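> here is my input; please provide its structure:
(2 chains)
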Protein chains: 2
Amino acid sequence: MRMADSVTAALLIIGDEILTGRTKDKNIGYIAEYLTGIGIDLREVRIVPDVEEEIVSAVNALRSRYTYLFTTGGIGPTHDDITADAIAKAFGVGIDYDPRAVAMLRERYTPEELNEARMRMARIPDGADLIENPISKAPGFRIGNVYVMAGVPSIMQAMLDIIAPTLKTGTRMTIETVEAEGLAEGIYAAGLSEIAAAYPGVSIGSYPSFSTAGFRNQIVVRGKDPAEVAKAVSDIRSMLGRLKGDLAPL
Amino acid sequence: MRMADSVTAALLIIGDEILTGRTKDKNIGYIAEYLTGIGIDLREVRIVPDVEEEIVSAVNALRSRYTYLFTTGGIGPTHDDITADAIAKAFGVGIDYDPRAVAMLRERYTPEELNEARMRMARIPDGADLIENPISKAPGFRIGNVYVMAGVPSIMQAMLDIIAPTLKTGTRMTIETVEAEGLAEGIYAAGLSEIAAAYPGVSIGSYPSFSTAGFRNQIVVRGKDPAEVAKAVSDIRSMLGRLKGDLAPL
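Numbers count the residues shown, from 1 in each chain, chains lettered A, B, ... in the order given. Predicted coordinates for the structure are as follows:
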């Protein structure tokens, strides 16, 4: 199921506003879909508050386990924006005003506007590369395998487009969805389990959803070998067909 | 900021479908807002795949750190539903068919319908209490300080309503939002930082958002003492008023 040669990632969302429910996160789903699309396996997500030791500890746990760590949030000009300092601490490096970042901020702000608070956005850990921000100029940065992005979705998305071409990517997942069309999970679970065991290189999930129209079950087949995925899908369709035949009124 | 007497929680979302972006999570925001509303501080969220050792390790890390751990996902009848087994392993207890859970499933399924796959939903770790599922009958469960709920949002929400009255809750947060009305974060950041320092029992965040209408900044003030929150809000309004006066054309 998990390939040895796969490129992996974790995502760290930083911000009290997500944990109190005040802001509904829009970045997890976007980044998950984006990384899957370019052949990077997102393996873990964490959300932590604006508390330095929590950020440091999550960054160090995640950057050592996965090929890449992406973070969002906490790089603005206010006192609760502490991500850059926490990342410097996690890497054990210094942090200071970066002349390249100051130059970027000067594209947006006059010398008078560029006060101490805004200058905070030019504080970058030693040894980091900048990630350009085409929308509001204040950059993100990369240090080691950690990519630090803004929390505002439109800015994060622009940064991800800039980062993506520089990333090592693995074989893209082939993903197929089979509609269970009226069959309950409990009816096809045994058959699906047998098919899952027969294709160890393929990951098969069953996802019920519920709306006013009733339950709807979808079976999702994922794998890096398109031929194997196609065979598993064909076996699943046959199995569902047989079950439907069994249940059909005479 | 963090009260010693506060009741804390973590949330663990279990499921490959969230990490691939196939399913966009709807539970984090709902649970975050719900817990905040009843006086429980959500301190951390993790999303892990349907892999037993990942679930075990996250459960053990989180249940030891917080008053409560809530989980969603992985309690259905198919082969990828491994949450109950992982929780039993995390607690080092056995797992078996629970007669109470079997009785609940019998309310929904005829003896013929209640096949081996569906019976999987009655496998409950030893020593756990059941959490009723008014929608599709298959129960969640509580063991120690861990509450195991379904991933389907409507079922999770029904389970949370059943759990909530049994939870220890802390003082509810008072939350006030102040619109920065046209003022940029970089303009009020220094003043806001001073106010934040003056009210150590209050947490103050500044949240920019961006739409076709441009940037909009909101300052959110949270605390358990309503009087202190009101004072901080009043100081923030005065500070913003002064800044607007400074910027107003003569």
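
> would you map the helices across chain A?
Secondary structure of chain A by DSSP state H: the helices cover A:16-19, A:27-37, A:52-63, A:83-91, A:99-108, A:116-119, A:153-163, A:185-198, A:226-247.

> in CSV: those helices, plus distance to B:Asp16, mean pLDDT and mean neighbour count.
For every residue, glycine as well, the C-beta is placed using N, CA and C. Below are the helices of chain A laid out as CSV (distance: least, C-beta to C-beta, whole Å; pLDDT from 0 to 100; neighbours: other C-beta atoms under 10 Å in any protein chain shown):
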stretch, distance to B:Asp16, mean pLDDT, mean neighbour count
helix A:16-19, 22, 94, 25
helix A:27-37, 10, 97, 20
helix A:52-63, 18, 98, 19
helix A:83-91, 28, 98, 23
helix A:99-108, 38, 96, 15
helix A:116-119, 42, 94, 18
helix A:153-163, 21, 97, 18
helix A:185-198, 12, 94, 19
helix A:226-247, 15, 93, 15
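
> need those helices in JSON lines (columns: distance to chain B).
JSON lines is the format used below for the helices of chain A (distance: least, C-beta to the nearest C-beta, whole Å):
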{"stretch": "helix A:16-19", "distance to chain B": "5"}
{"stretch": "helix A:27-37", "distance to chain B": "3"}
{"stretch": "helix A:52-63", "distance to chain B": "7"}
{"stretch": "helix A:83-91", "distance to chain B": "13"}
{"stretch": "helix A:99-108", "distance to chain B": "9"}
{"stretch": "helix A:116-119", "distance to chain B": "3"}
{"stretch": "helix A:153-163", "distance to chain B": "5"}
{"stretch": "helix A:185-198", "distance to chain B": "3"}
{"stretch": "helix A:226-247", "distance to chain B": "11"}
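
> so can I have TSV of those showing distance to B:Thr174?
Output for the helices of chain A, formatted as TSV (distance: least, C-beta to C-beta, whole Å):
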stretch	distance to B:Thr174
helix A:16-19	15
helix A:27-37	28
helix A:52-63	23
helix A:83-91	27
helix A:99-108	36
helix A:116-119	26
helix A:153-163	28
helix A:185-198	44
helix A:226-247	52
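
> B:Gly241 is nearest to which of these?
Closest to B:Gly241 of those, according to C-beta to C-beta: helix A:116-119, at 18.3 Å.

> what residues does that closest one touch?
Under the contact criterion C-beta atoms under 8 Å, 6 or more residues apart in numbering or on different chains, helix A:116-119 has outside partners A:77-78, A:97, A:102, A:105, A:109, A:138, B:185-187, B:189-190, B:193.

> nearest to B:Arg63 among those?
Among the contacts of helix A:116-119, A:Thr78 lies closest to B:Arg63 (C-beta to C-beta), at 33.6 Å.

> residues near the closest one, how many?
Other residues within reach of A:Thr78, judged by other C-beta atoms under 10 Å in any protein chain shown, total 24.

> surely it is in contact with B:Leu192?
Yes. If you go by C-beta atoms under 8 Å, A:Thr78 and B:Leu192 touch, sitting 5.9 Å apart.

> now for these two: what residues contact both?
Contacts common to A:Thr78 and B:Leu192, judged by C-beta under 8 Å, 6+ apart, are B:Ser206.

> dump the residue contacts of A:Asp246.
For A:Asp246, no contacting residues are found, by C-beta under 8 Å, 6+ apart.

> give me that answer again for 10 Å
If a contact means C-beta atoms under 10 Å, 6 or more residues apart in numbering or on different chains, then A:Asp246 has A:Ile187 as its contacts.

> try A:Lys224
Contacts of A:Lys224 by C-beta under 10 Å, 6+ apart are A:3, A:5-6, A:39, A:41, A:170-174, A:201-203.

> most neighbours, which of the residues you listed?
Within the contacts of A:Lys224, A:Ser203 tops the neighbour count with 23 neighbours, counted by other C-beta under 10 Å.

> next, the contact list for that one, please.
A:Ser203 makes contacts with A:1-2, A:173, A:175, A:196, A:220-224, A:229, A:232, B:16, B:20, B:49-50, B:80, as judged by C-beta under 10 Å, 6+ apart.

> inside strands: which ones of the residues you listed?
Among those, the ones falling in strands (DSSP state E) are A:Ile175, A:Val220, A:Val221, A:Arg222, A:Gly223.

> what's the farthest-apart pair in those?
A:Val220 and A:Gly223 (10.8 Å).

> between the two, what contacts are shared?
What both A:Val220 and A:Gly223 touch, as defined by C-beta under 10 Å, 6+ apart, is the set A:Ile175, A:Glu176, A:Ser203, A:Ile204.

> grab the nearest non-local neighbour of the first one.
Leaving aside its sequence neighbours, A:Ile175 sits nearest to A:Arg222 (C-beta to C-beta, 6 or more residues apart in numbering or on different chains; 4.9 Å).

> pretty sure the one you found contacts A:Met173?
Yes. Using C-beta atoms under 10 Å, A:Arg222 makes contact with A:Met173 at a distance of 5.1 Å.
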